[in-house]
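J.: give me coordinates for this.
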Amino acid sequence: MSIAAVDTQSPTPESDPHYEDRINLAAVFRMTARLNMDEGVANHFSYAVSDDGSQFLVNPFGRHFSNIRASDLLLLDVNSDSAEHADPTAWAIHSAMHRNLPQARCVLHVHSKFATVLASLEDSRLPAIDQNAMRYFNRLSIDDGYDGMGLGEEAERLTTALGNNRVVVMGNHGVMTVGSTIGRAFDELFYFERACANYITALTTGIPLRIASDEVAEKTARQWEEYIDKVGISEVHLEQIRVILDREEPDYKL
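T.: Residues are numbered from 1 along each chain as shown. You can find the predicted model right below:
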């Protein structure tokens, strides 16, 4: 399969109704690469531009995250039998997610280092050892039914594994986060990877972990939710990513 030649016309507010969505999604691709959370030309991000999830933006086959531009993103329809220029696993997983979970407007899937280490452990739960980990207390799904590379039944099963949570540890595979906005889904991915990094690092010390009580962990998780909802910190995070990229990599908007 060769790298697809896609329309490279730069989006504008006048020419593309999904102008801001394209730019926001391109921005999180670039920042994910900067954070070394991508993997070659694999892994995929998508955002549903229709309320029912039937139409969504996704990265094309063969584009490195650090090279993604707004105009590179494919606009696909879940009702199609196939998706030209899309990676087969991206089409299988993301079309299933958007078809079955329209509330998951943004779907981010990576094999980031520390989340994938957690996914490789027999017990993939994340204990409440720090404030970041407590964000996911009783709010983390674990899929332990890995059966191959995200095609067919694997893709359909993932949509049920997520449940009402925003993060699913994909056993033997990686991690997937979802959100009602691109900013929210990326913020979940960012903090979950940080929480996993802290946990895996703590394990390497061989020293007993300081685990917070369930009461404190739940209180902290609720405080996180209030902070995100009231202050809008996820959207501020994305805004600041765009400020950085506007200064250092402005071609992401092309």
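
J.: T177: what secondary structure?
T.: When classified by DSSP: H, G, I helix; E, B strand; the rest coil, T177 comes out as strand.

J.: is it true that it touches L108?
T.: Yes: shown here, T177 and L108 form a contact pair, counting by C-beta atoms under 8 Å, at 5.0 Å. All C-beta atoms are positioned from the backbone trio N, CA, C, and that covers glycine.

J.: what residues do those two have in common as contacts?
T.: Counting by C-beta atoms under 8 Å, 6 or more residues apart in numbering, the contacts common to T177 and L108 are 185-186, 188-189.

J.: which outside residues touch stretch 199-216?
T.: Contacts for stretch 199-216 (C-beta under 8 Å, 6+ apart): 114, 117-118, 126-130, 133-134, 137, 220.

J.: and that stretch, C-alpha only, in CSV?
T.: Output in CSV follows, covering the C-alpha atoms of stretch 199-216 (Å, rounded to 0.1, in the frame of the first residue of the first chain):
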residue,chain,number,x,y,z
TYR,A,199,3.3,4.5,38.3
ILE,A,200,5.7,2.4,36.2
THR,A,201,8.7,4.5,37.5
ALA,A,202,7.5,3.9,41.1
LEU,A,203,7.3,0.2,40.5
THR,A,204,11.0,0.1,39.4
THR,A,205,12.1,1.3,42.8
GLY,A,206,10.9,-1.9,44.4
ILE,A,207,9.7,0.2,47.4
PRO,A,208,6.1,-0.2,48.6
LEU,A,209,3.7,2.3,47.0
ARG,A,210,1.8,5.0,48.9
ILE,A,211,-1.7,4.4,47.8
ALA,A,212,-4.5,6.8,48.7
SER,A,213,-7.7,5.6,50.3
ASP,A,214,-10.7,5.1,48.1
GLU,A,215,-12.4,8.0,49.7
VAL,A,216,-9.5,10.4,48.9
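
J.: what residues of it count as buried?
T.: Within stretch 199-216, the residues scored as buried using 16 or more other C-beta atoms under 10 Å are 199, 202, 212.

J.: tell me the one among those nearest to R99.
T.: Nearest to R99 among the buried residues of stretch 199-216 is Y199, at 33.2 Å by C-beta to C-beta.

J.: any idea how far A104 is from that closest one?
T.: Distance, Y199 to A104, by C-beta to C-beta, to the nearest Å: 25 Å.

J.: could you do P208 as well?
T.: Counting by C-beta to C-beta, the gap from P208 to A104 is 37 Å.

J.: looking at the buried residues of stretch 199-216, which is nearest E235?
T.: Using C-beta to C-beta, Y199 is the member of the buried residues of stretch 199-216 that sits closest to E235, with 27.0 Å.

J.: which helix or strand contains that closest one?
T.: Element membership of Y199 [criterion: DSSP states H and E] is helix 182-205.

J.: now do the buried residues in the worst-scoring helix or strand of the chain on mean pLDDT.
T.: Sorting the helices and strands of the chain by mean pLDDT, DSSP states H and E puts helix 153-161 at the bottom, at a mean of 83. Under the neighbour-count criterion of 16+ other C-beta under 10 Å, helix 153-161 has 154-155, 158-159, 161 buried.

J.: moving C-terminal from that helix, which element do we reach first?
T.: strand 167-170.

J.: sec struct for the spatially most central residue of the chain, please.
T.: Nearest to the mean C-alpha position of the chain, counting by C-alpha atoms, centre = their mean, stands L108 at 2.1 Å. Under three-state DSSP, L108 falls in the strand class.

J.: cool, N36 as well?
T.: Secondary structure, three-state DSSP: N36 is coil.

J.: mind listing what it touches?
T.: K113.

J.: just to revisit the earlier point, surely the residue nearest to the centre of the chain is in contact with G174?
T.: No: contact between L108 and G174 fails when scored by C-beta under 8 Å: they sit 10.5 Å apart.

J.: okay, now R222: neighbour count?
T.: 12 (other C-beta atoms under 10 Å).

J.: so it sits in a helix?
T.: Yes: judged by three-state DSSP, R222 forms part of a helix.
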